[in-house]
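Peer 1: got a sequence here, can you model it:
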Amino acid sequence: MADIFLRSVCREDANSIYSIYSHRQSCLDCGVKPLRTFRQTRALMDKMTADRDAFAIVLKDNIQTVGFISVSKDTHRYNPRRYMLGYILAPEYRGQGIMPAAVKKAMRHAFLNLGADVVSAACFTGNKASQRVLEKCGFVREGCLRKEFVRYDGQVLDSFIYSMLYEEYKELYEE
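Peer 2: The predicted model follows:
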């Protein structure tokens, strides 16, 4: 597993936010519009720093921010104790086990600090890397929401929904 830690997003992350969220393919993969200006970067940074459940993914060896992960209310469920993960990683750090490590830490936060009954994540059906991350972490694919998301470029995409129940988390990670 990658040697990382999660911390609150801070103003010092502005360059990392711009670098990661201006990468066109990364933004296509997660459905967000790429940043193009300092004003857009500042607005996203302000939103992320105000959100206590948005985290920078930081490498322990050089204290470099390489991605971001958030825990928010799941918009597809009505259980008040439901949360959803969202994440993005700098492309040069993919395939190194960083995102599975970050997802596990974010799940721990959702289940143990926020009292989640269920943690979910969605990814586009064409995003094989994200599917591998979630499956590696023990998430179960619930199904496909067809034509679920209209991406900023106008493309209408299907999404897979994955989830993990608290009981499953305890069995996998708390023994």
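Peer 1: low-confidence ranges in this protein?
Peer 2: The chain contains residues with pLDDT under 70 at 1, 175.
Peer 1: list the buried ones in the top helix by length along it?
Peer 2: Within the chain, and with DSSP state H defining each element, the longest helix by residue count is helix 38-50. Neighbour-count burial for helix 38-50, counted by 16 or more other Cβ atoms under 10 Å, picks out 40-41, 44-45, 48-49. Bear in mind the C-beta positions are built from the backbone N, C-alpha and C, glycine included.
Peer 1: can you name every helix or strand that it contacts?
Peer 2: Judged by 3 or more Cβ pairs under 8 Å, 6 or more residues apart in numbering; DSSP states H and E, the packing partners of helix 38-50 are helix 14-21.
Peer 1: how near is the most centrally placed residue in the chain to Phe139?
Peer 2: Central residue of the chain (Cα atoms, centre = their mean): Tyr87, 1.9 Å from the mean position. Distance check for Tyr87 against Phe139: by Cβ to Cβ, to the nearest Å, it reads 13 Å.
Peer 1: and for the two, which residues touch both?
Peer 2: Common contacts of Tyr87 and Phe139 (Cβ atoms under 8 Å, 6 or more residues apart in numbering): Ala121.
Peer 1: all strands of the chain, in order?
Peer 2: 4-8, 54-59, 65-73, 82-89, 118-124, 140-150, 156-165 (DSSP state E).
Peer 1: most neighbours per residue, which of these?
Peer 2: Burial of those is given as mean neighbour count (mean count of other Cβ atoms under 10 Å); strand 118-124 ranks first at a mean of 23.
Peer 1: paired strands for that strand, with orientation please.
Peer 2: Strand 118-124 pairs in its sheet with strand 82-89 (parallel), strand 156-165 (antiparallel), by DSSP bridges.
Peer 1: quick one: closest of those strands to Ile63.
Peer 2: The minimum distance between Ile63 and those falls on strand 82-89, with 16.6 Å, by Cβ to Cβ.
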